[in-house]
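A.B. asks: the following comprises the amino acid sequence and a computationally predicted model.
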Amino acid sequence: MPLIKHVRVQKNEAQNVIDSLRESRELLMDYSITRDDSYIYIPVRDDYGSADLVELEREESRRTFPKGHAGGFDHIGDIAIIHGRNGGRIESIRDFITKVKPGIRTIYTDNGIKGEHRLRDLELLYGQDNPETMYRENALRFKVNVKTAYFSPRLSTERFLLSRRIRDGERIFDMFAGIGTFSINLAASAACNITACDINPDAYALMKENISLNRLKGTVEPINEDSYRAIGELGIFHRIVMNNPMLKYKDLDMIIKHICQDGILNIYFIETVEGIGEVMNQMENQGMVLQVKRIVHGYSRNMFMFSLEYRKVLK
C-alpha cells in the first residue's frame, strides 16, 4: 500500500486549501480527505511542495466502476470484492478491475453479509478460489481470509485516526475485534493494554497470527468468546471499542458501567442522519458526552457509517 502525501491544515483553513488544490489539479481525487481532532489531511500529488506535509499509508480501498456500471469494489491484498453489481456486463467489470489493479489474482462478487459471525456470501468471478491474502495497512501486516472472517479495508483511515488518540497506559476492550485490525493498530501506536474479543473461532485464529506478525508498543490479549459475556469478568476499562455497525447493540447501559470515569467509548453505527440524531440523544441521556463525530463512508443512498466517540461523565 503506497505512502501518499497529505497537506496538514487547520480546520478553519481547510476549504480554501481544498479549493486551491482542486483548481491547480494538485488534489488527489481517488483518496479521501481525513481529519483528526486538530487537523484536516488533504491528499496531494507526489511532486507537490509544502512545509507542512505528512505521509500516510493509504489504499484506494473502494474504487467506483466507470460510467454505465453501478457499484464499486474493495481491494484487499491481491483480492477484489465487487459490491452493487447493478447494470453493465460482468466481463467489462472484470476487465476494468484487472486493468486498474494489475496485481489482482482473484475477484469475488459479494452477495451480502450473513450470520452471527458476519461472513460474506462470496461468489467466484475470476481467478483462483483462494480467499487468503496478505494485506498491509499503516505499516502493519495482516493475514486475511475473506470467506471465514469479516474484514473491511474501508476502515483503514478510521483505524489510523483512532490510533493517534490512544495514550500510553490505557486499558482497552475491543468487543468485536475480528482479525485484530483495530487492536493491532492501537497497540502499534501506544503502550496500551488491549483485550481483543471475537466470537468467531476463525477470526480469533487469524488475530493470533496477526499479533505475532507485527511489532507492537502495547499488548493485545485475544479472547474467543461472546463479548457481552466476557466483559462481566474483565472489570473496568479506560476505553471500549464497539465496531459491529450491522448489529443492534444490546445492554449499552451495562457496557457503559465498565468504562471508568472520564473513560471513552468508540462506537460505530450504520444509520440515516435522522437515526443517528436519535442515537446521540440516547447516549447523552446515559451520561455520555460527544467528543468526535465522523462519517466514515456512505452505505446506501441515505445511510452512512458513523464513528462516534463519547466520554463518560458524572450525571
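C.D. replies: Received, thanks. Residues are numbered from 1 along each chain as shown.
A.B. asks: for the chain, what spans make up the helices?
C.D. replies: 14-23, 90-100, 156-163, 181-189, 201-213, 227-230, 252-257, 273-285 (DSSP state H).
A.B. asks: what's the local residue count around residue 296?
C.D. replies: Neighbour count of residue 296, defined by other C-beta atoms under 10 Å: 21. Yep, even glycine has a C-beta here, placed from its N, CA and C like the rest.
A.B. asks: repeat for residue 95
C.D. replies: Residue 95 has 12 nearby residues by other C-beta under 10 Å.
A.B. asks: start at 33, not 1
C.D. replies: Yep, numbering from 33; the last one is residue 127 now.
A.B. asks: roughly how far apart are it and residue 115?
C.D. replies: Separation of residue 127 from residue 115 (C-beta to C-beta, to the nearest Å): 18 Å.
A.B. asks: cool, and residue 272?
C.D. replies: Using C-beta to C-beta, one gets 30 Å for the distance from residue 272 to residue 115.
A.B. asks: these two: who's more crowded?
C.D. replies: residue 272 (25 against 16).
A.B. asks: distance from the chain centre to stretch 217-231, please.
C.D. replies: 15 Å (C-alpha atoms, centre = their mean, to the nearest Å).
A.B. asks: and it, which residues are buried?
C.D. replies: Neighbour-count burial for stretch 217-231, with 16 or more other C-beta atoms under 10 Å as criterion, is recorded at 217-222, 224-231.
A.B. asks: now do the contacts for residue 138.
C.D. replies: 110-112, 156, 158-163, 165 (C-beta atoms under 8 Å, 6 or more residues apart in numbering).
A.B. asks: can you say which of those are buried?
C.D. replies: Buried, going by 16+ other C-beta under 10 Å: 110-112, 158-159, 163, 165, out of those.
A.B. asks: Throw the helices of the chain into a markdown table and include distance to residue 204, thanks.
C.D. replies: Shown next, in a markdown table, are the helices of the chain (distance: least, C-beta to C-beta, whole Å):
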| stretch | distance to residue 204 |
| --- | --- |
| helix 46-55 | 30 |
| helix 122-132 | 37 |
| helix 188-195 | 10 |
| helix 213-221 | 7 |
| helix 233-245 | 14 |
| helix 259-262 | 13 |
| helix 284-289 | 13 |
| helix 305-317 | 19 |
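A.B. asks: tell me which of the ones you listed sits nearest to residue 207.
C.D. replies: helix 259-262 (4.0 Å; C-beta to C-beta).
A.B. asks: next, the buried residues of the closest one.
C.D. replies: Quick answer for helix 259-262 (16+ other C-beta under 10 Å): 259, 262.
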